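1. predicted model follows, preceded by the sequence.
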There are 2 protein chains.
Amino acid sequence: MSVMLTVKMVGLGLVAVSLSLELLGWLFTRLRSGRTLNEVLFFPSEVTCLEHIFTPASSRPCYCSLPHGVETSFTRLLRRILSTSSSLDLCVFAFSNMNLCRAVLMLHSRGIIIRVLTDRDYTVITGSQIGVLRKAGIRVRSHMDSVHMHHKFAVLDGRLLITGSLNWTLTAVQCNKENILITEEPDLVRPFTQEFHSLWVHNDPGRKHGSGDQIEY
Amino acid sequence: MSVMLTVKMVGLGLVAVSLSLELLGWLFTRLRSGRTLNEVLFFPSEVTCLEHIFTPASSRPCYCSLPHGVETSFTRLLRRILSTSSSLDLCVFAFSNMNLCRAVLMLHSRGIIIRVLTDRDYTVITGSQIGVLRKAGIRVRSHMDSVHMHHKFAVLDGRLLITGSLNWTLTAVQCNKENILITEEPDLVRPFTQEFHSLWVHNDPGRKHGSGDQIEY
């Protein structure tokens, strides 16, 4: 009986150990599959047709001469931007890329809340898309200090950060060696959200003119 | 006897459960305390005395007119750079900040393996510190394509990434609105390590001239 008891206890112990190992395995699988999104994109990006990104539901084929259906750093960046579901806070030194402008306008037409902060000096350069955004009714504020507002970041839906060396220009996307870092890591997103808020309030033209009115220009 | 056996088995089960809970608690504590370093710094940074950063062991007080012992974004950045223990891979568009140059020279004098990649056009601008680094014997390669090498990142000891909008210039540190992101997240560090390696090989002047010699200039 004593031997039988020992066998039973050892058997029970083995079951407990195997269950614990299974639990640990499940836990690690969960941690791996559910881990925070982190992605890095490098540029320049190959120049390709972007119609399948902007109009994925279209049944009409595109006959332009550019390569079609190619996944590049730029298509990945555009997909991320177009995945915005509620808000886009964009803080960018130079914004002249027409495809990125088209993406922002598409978000605006979907009712996404958009705020754009940009450098004053670069608002008026040839090719700047800031005027296009303003005409569409998007709220834009220019950094009014003498120093440059050199950031190039965006916060999507308050939880996804896109930042790096890349200005939103054609040269940056198609010619330069550039990087974009995309992350949902809260410790990285939170400071950028706070920085955007701080700059947005600081560059409120109403505040600058001693008025409480929110005037974007 | 059957009752005693049941009691023993239940007791053993309780021990197994409590041990599993303890193990899980330990695991979560480890995960929390050992979580990846993530830090964001914003600029411009207050201009302060940096002697306590460069010569922390000095017993001589500094009598310069700048504020002393102040922790700023720039002192935090310098501390991170000076904490390098084995290697520094730096890939930066413009490098004219003399304090950052001093930090790199200090690492070089400690025997840290340093590689610097920079944009060709900005190597020769007034105030560029690239010549100083070369004179000190640090390996520097210039990006030789017609496009700009617009990156501003560093990988320390192959595991810590410093990246952002900030060029290594005085204006960027003291005047502009800029950001620096510091992370040990492997999924973010790894692509930058690979990008550095790729650019380093691509800009090997020996390779460009059809020779196997490693010529840095």
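-> In hand now; what should we look at? This structure is a prediction, so every number in the text was calculated from the model and none was measured.
2. alpha carbons only for contacts and neighbour counts from here, please
-> Noted.
3. and the helix ranked longest in chain A, what does it pack against?
-> Determined from DSSP state H, the single longest helix within chain A is helix A:2-33. For helix A:2-33, the elements it packs on are helix B:2-33, judged by 3 or more Cα pairs under 8 Å, 6 or more residues apart in numbering or on different chains; DSSP states H and E.
4. so does whichever helix or strand comes after the helix it packs on get close to chain A?
-> In the C-terminal direction, the helix or strand that comes right after helix B:2-33 (DSSP states H and E) is strand B:38-43. Yes. Using Cα under 8 Å from any Cα of the partner chain, strand B:38-43 reaches chain A at B:Asn38, B:Glu39, B:Val40.
5. are any of these buried, and which?
-> B:Asn38, B:Val40 (16 or more other Cα atoms under 10 Å in any protein chain shown).
6. so which of the residues of strand B:38-43 next to chain A is the closest to A:Gly131?
-> B:Val40 (31.2 Å; Cα to Cα).
7. please verify my assumption that the closest one contacts B:Leu181.
-> Yes. At 4.6 Å, B:Val40 counts as touching B:Leu181 under the criterion of Cα atoms under 8 Å.
8. tell me the residues that contact both of these two, please.
-> Counting by Cα atoms under 8 Å, 6 or more residues apart in numbering or on different chains, the contacts common to B:Val40 and B:Leu181 are A:Leu188.
9. buried residues, the longest helix of chain A. List them.
-> For helix A:2-33, by 16+ other Cα under 10 Å, it's A:Met9, A:Leu12, A:Gly13, A:Ala16, A:Ser20, A:Leu24.
10. get me the contact residues on chain A for chain B.
-> Checking chain A against chain B by Cα under 8 Å from any Cα, the hits are A:5, A:9, A:12-13, A:16, A:20, A:38-40, A:147-152, A:163-166, A:175-179, A:181, A:187-188, A:191.
11. so what's the residue count around A:Trp168?
-> A:Trp168: 22 surrounding residues under other Cα atoms under 10 Å in any protein chain shown.
12. where does the nearest residue to it once chain neighbours are set aside fall, phi/psi-wise?
-> Distance criterion Cα to Cα, 6 or more residues apart in numbering or on different chains; nearest residue to A:Trp168, sequence neighbours excluded, is A:Phe95 at 4.6 Å. Backbone geometry at A:Phe95, expressed as degrees, to the nearest 10, gives phi -140, psi 100.
13. got it, and A:Thr183?
-> phi -150, psi 150.
14. now it: closest residue in space, sequence neighbours ignored.
-> A:Asn38 (4.5 Å).
15. hmm, B:Leu188 and the one you found touching each other?
-> Yes. Between A:Asn38 and B:Leu188 there is a contact under Cα under 8 Å: 6.4 Å.
16. identify the contacts common to these two.
-> Joint contacts of A:Asn38 and B:Leu188 (Cα under 8 Å, 6+ apart) are A:Leu181.
17. the helices in chain A, which residues?
-> Under DSSP H, chain A gives helices at A:2-33, A:51-54, A:73-82, A:98-109, A:120-123, A:130-135, A:170-174, A:186-202, A:205-208.
18. what residues are up against A:Thr36?
-> A:Thr183, A:Glu184, A:Glu185.
19. and for A:His148?
-> A:Phe93, A:Asp119, B:Cys175, B:Asn176, B:Lys177.
20. beta-bridge partners for the residue nearest to the spatial centre of chain A, please?
-> What sits nearest the mean C-alpha location of chain A, by Cα atoms, centre = their mean, is A:Ile162, with 3.8 Å. Counting by DSSP bridges, A:Ile162 forms beta bridges with A:Ala154, A:Ile182.
21. which stretches of chain A have low pLDDT?
-> Residue ranges of chain A with pLDDT under 70: A:1, A:28-34, A:208-217.
22. the longest helix of chain A: how far from the chain's middle?
-> 43 Å (Cα atoms, centre = their mean, to the nearest Å).
23. now the angle from it to helix B:2-33?
-> 30 degrees (axes from the mean of the first three to the mean of the last three Cα atoms, to 10 degrees).
24. burial measure for A:Arg207, as a count.
-> 14.
25. should've said A:Ser109
-> With other Cα under 10 Å as criterion, A:Ser109 counts 11.
26. gap between it and A:Ala136?
-> 9 Å (Cα to Cα, to the nearest Å).
27. contacting residues around A:His151?
-> With Cα under 8 Å, 6+ apart, A:His151 has these contacts: A:Cys91, A:Val92, A:Phe93, B:Ser165, B:Lys177, B:Glu178, B:Asn179.
28. A:Asp121 is in contact with the third one, correct?
-> No. Counting by Cα under 8 Å, A:Phe93 stays clear of A:Asp121, with 9.0 Å between them.
29. the more surrounded of the two?
-> Applying other Cα under 10 Å to A:Phe93 and A:Asp121 shows that A:Phe93 carries more neighbours, namely 26 against 16.
30. distance of the more buried one relative to A:Ile114?
-> Using Cα to Cα, which is the criterion applied here, A:Phe93 is 17 Å from A:Ile114.
31. residues near A:His52, how many?
-> As a measure of burial, A:His52 has 15 neighbours, counting by other Cα under 10 Å.
32. phi, psi of the spatially closest residue to it that is not a sequence neighbour?
-> Nearest residue to A:His52 in three dimensions, chain neighbours excluded: A:Gly69, at 7.0 Å (Cα to Cα, 6+ apart). The phi/psi pair for A:Gly69 (degrees, to the nearest 10) reads phi 70, psi 20.
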